[in-house]
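> following is a predicted model, sequence given first.
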Amino acid sequence: MVETHDHFIKRLKSLGRKHAQLTHGYVTRVGKDGLIVVKPKRARRGFPFQMLFMLVIGFFGFKAFMLSAIGPVTYNERLAKLENGSVLEQAGAKALGIDPITASVAKISGPMLRR
């Protein structure tokens, strides 16, 4: 009798854990046998490095596009205006300055934009 009760308590704990996992989201799938199976979504923890990487790529792509679209002379004139502005504008001028990555991407993409 005690063994049956212990088995029941173990099943209750297992169902409680499964229910707690399913509260964070779940995915339903139909198995090969036609049975609908509910599985908890995997928890996405940690820092989103992929989003940060895409943000950096987009930032350098934007800088390269602007450099190739308006040309280096006009781009540097606009940066000079930012450098004479407020502290926030000066920080923007430093971030938007022409660096080797931006220059090389603009050099490659410039002829494609001018077609």
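Received the coordinates, thanks.
> for the protein, which residue is closest to the average position?
Met51 (1.4 Å; Cα atoms, centre = their mean).
> please name every helix or strand in contact with the helix or strand encompassing Lys13.
Secondary structure assignment for Lys13, by DSSP states H and E: helix 2-22. The helices and strands touching helix 2-22, judged by 3 or more Cβ pairs under 8 Å, 6 or more residues apart in numbering; DSSP states H and E, are strand 36-40. To be clear about C-beta, it is placed using only N, CA and C from the backbone, and glycine gets the same treatment.
> C-alpha coordinates for whichever helix or strand comes after the strand it packs on, CSV please?
If you walk from strand 36-40 toward the C-terminus, the next helix or strand you reach (DSSP H and E) is helix 49-70. The C-alpha trace of helix 49-70 is given here as CSV (Å, rounded to 0.1, in the frame of the first residue of the first chain):
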residue,chain,number,x,y,z
PHE,A,49,24.4,37.8,-29.2
GLN,A,50,22.8,37.3,-32.6
MET,A,51,20.7,40.4,-32.2
LEU,A,52,23.8,42.4,-31.1
PHE,A,53,25.7,41.1,-34.1
MET,A,54,22.9,42.1,-36.5
LEU,A,55,22.7,45.6,-34.9
VAL,A,56,26.5,46.1,-35.4
ILE,A,57,26.3,44.9,-39.0
GLY,A,58,23.3,47.2,-39.6
PHE,A,59,25.2,50.1,-38.1
PHE,A,60,28.2,49.6,-40.3
GLY,A,61,26.0,49.0,-43.3
PHE,A,62,24.2,52.3,-42.7
LYS,A,63,27.5,54.2,-42.3
ALA,A,64,28.8,52.6,-45.5
PHE,A,65,25.6,53.4,-47.4
MET,A,66,25.7,57.0,-46.3
LEU,A,67,29.3,57.4,-47.2
SER,A,68,28.9,55.9,-50.6
ALA,A,69,25.6,57.8,-51.3
ILE,A,70,26.8,61.3,-50.4
